[in-house]
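Participant: sequence-free structure coming up:
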């Protein structure tokens, strides 16, 4: 086996490992509110999320093409495979650190930041596609703001509409509807998050001259979707606990509002081929919904710590990837 074949196999294994970890790290995105309100039993919620993630992952590829081609042109990188190894190792390490501490940080930010850092160190700033990188960053920054605003508006409308109804009956109805919104949320998670590893593997195939276009091969779709679904089936309980119970006490009507808001943001981004952080979308939606319910009910000190982790993820992942590249190559 020649060296390039060995490295591309390492890239594929690492990319699938990233998707697997992304699955159990981000399971909370889809089911935290449904589990916290007891709309679904934890094991049932995770199995449903795994299936819907798989379904979403195999049906869309636009985000994968953006990830694979917007940060750098893989066809022009002589050391593209080495850059991807450093990228994936850095993103995996950061995901595991934030998972260990129960912090809902973004796998997307980690991957994009790590890729940019590895390209800068491994190939130089002239090889980084600054306009493509900036467009991705803008989408990543805008999506949580939109999620917060829309979550606030949706919850305010629901409060007004159901103000004179019995809270018990209202929550009973929304508890059932949360099963549907959790399924939709899981599906949209697959349409956006699973695409990121697909994009990285396709990037590697183009760099190694196994193909000359960014079309995602079927085997890559199936492998990434399966890795994401298997990771989801394990479930990231620490982050589920943070998102489902620690930000504020979520009732079924709140969970419904947060789920439908974040699913809309994520699927909208998928349709225009932009990667967004599903973690940021659902966390911001929960914060917006909580603010509309009662501003003082939200634990803003915890929200502040979460936002700090968001701000530092891209630069830390970039520095980590650059350091790994220097160390290994």
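Facilitator: It's in. Being a predicted model, the structure only gives us computed values, none of them experimental. Numbering: from 1, shown residues only.

Participant: what does stretch 39-51 contact?
Facilitator: Stretch 39-51 is contacted by residues 23, 27, 30-31, 33-35, 175-176, 178-179, 182-183, 186, 189, 229-230, 232-235, 240, 252, 255 when judged by CB atoms under 8 Å, 6 or more residues apart in numbering. Quick note: C-beta positions are derived from backbone N, CA and C, even for glycine.

Participant: Also stretch 147-161?
Facilitator: Stretch 147-161 is touched from outside by 253-254, 256-258, 260-262, 264-265, 280-282, 284-289, 291-293, with contacts defined as CB under 8 Å, 6+ apart.

Participant: Residue 8: what's its closest spatial neighbour, skipping adjacent residues?
Facilitator: Spatially, and ignoring its direct neighbours in sequence, residue 8 is nearest to residue 208 (5.0 Å; CB to CB, 6 or more residues apart in numbering).

Participant: Might you report the residue contacts of the one you found?
Facilitator: 4, 7-8, 80-81.

Participant: repeat that with 7 Å
Facilitator: Counting by CB atoms under 7 Å, 6 or more residues apart in numbering, residue 208 touches 4, 8, 81.

Participant: List only those of these flagged as buried.
Facilitator: 8, 81 (16 or more other CB atoms under 10 Å).

Participant: nearest to residue 59, of the contacts of residue 208?
Facilitator: residue 8 (26.0 Å; CB to CB).

Participant: hmm, back to that, ok, of the contacts of stretch 147-161, which come out buried?
Facilitator: Burial by neighbour count, judged by 16+ other CB under 10 Å, picks out 253-254, 256-258, 260-262, 264-265, 280-282, 284-289, 291-293 from these.

Participant: what's the helix or strand harbouring residue 262 in contact with?
Facilitator: Per DSSP states H and E: residue 262 is located in helix 252-271. Under the criterion CB under 7 Å, 6+ apart, residues 33-34, 37, 39, 60, 62-63, 139, 143, 146-147, 150-151, 154-155, 158, 162, 170-171, 174-175, 177-178, 181-182, 184-185, 188-189, 191-192, 276, 278, 281-282, 285-286, 289, 293 lie in contact with helix 252-271.

Participant: so for that helix, what's the average pLDDT?
Facilitator: Mean pLDDT, helix 252-271: 90.

Participant: following it, which helix or strand comes up?
Facilitator: Going down the chain from helix 252-271, the next helix or strand is helix 278-293, by DSSP H and E.

Participant: For the chain, which residues score under the pLDDT cut-off?
Facilitator: Applying pLDDT under 70 to the chain picks out residues 1, 27-29, 68, 104, 235-248.

Participant: Which strand or helix spans the closest residue to residue 52 other than its chain neighbours?
Facilitator: Leaving aside its sequence neighbours, residue 52 sits nearest to residue 186 (CB to CB, 6+ apart; 3.5 Å). Residue 186 belongs to helix 167-192 when assigned by DSSP H and E.

Participant: Quick one: work out the angle between whichever helix or strand comes after that helix and helix 252-271.
Facilitator: Once helix 167-192 ends, the next helix or strand along the chain (criterion: DSSP H and E) is helix 194-207. Helix 194-207 and helix 252-271 are oriented at 20 degrees to each other (axes from the mean of the first three to the mean of the last three CA atoms, to 10 degrees).

Participant: excluding its backbone neighbours, what's nearest residue 128?
Facilitator: In space, and not counting its chain neighbours, residue 128 is closest to residue 119: 5.0 Å by CB to CB, 6+ apart.

Participant: That neighbour: what's it in contact with?
Facilitator: Contact partners of residue 119, counting by CB under 7 Å, 6+ apart, are 71-72, 83, 127-128.

Participant: one more time with 10 Å, if that's ok
Facilitator: Contact analysis of residue 119 by CB atoms under 10 Å, 6 or more residues apart in numbering lists 71-72, 77, 79-80, 83-84, 86-87, 125, 127-129, 133, 318, 321-322, 325.

Participant: likewise residue 223?
Facilitator: 12, 15-16, 19, 197-198, 201, 217.

Participant: Which entries within the residues you listed meet the buried criterion?
Facilitator: Among these, the ones that count as buried by 16+ other CB under 10 Å are 12, 15-16, 19, 197-198, 201.

Participant: that older thread, so the residue nearest to residue 52 makes contact with residue 179?
Facilitator: No. Counting by CB atoms under 10 Å, residue 186 stays clear of residue 179, with 11.0 Å between them.

Participant: Between the two, which is the more surrounded one?
Facilitator: Neighbour count, other CB atoms under 10 Å: between residue 186 and residue 179, residue 186 has more, with 30 against 14.

Participant: ok, the more buried one to residue 38 distance?
Facilitator: Going from residue 186 to residue 38 by CB to CB, to the nearest Å gives 18 Å.

Participant: Without its sequence neighbours, what residue ends up closest to residue 173?
Facilitator: Nearest non-adjacent residue to residue 173, counting by CB to CB, 6+ apart: residue 252, 7.9 Å away.

Participant: Just give the number of residues close to the one you found.
Facilitator: For residue 252, using other CB under 10 Å, the count is 22.
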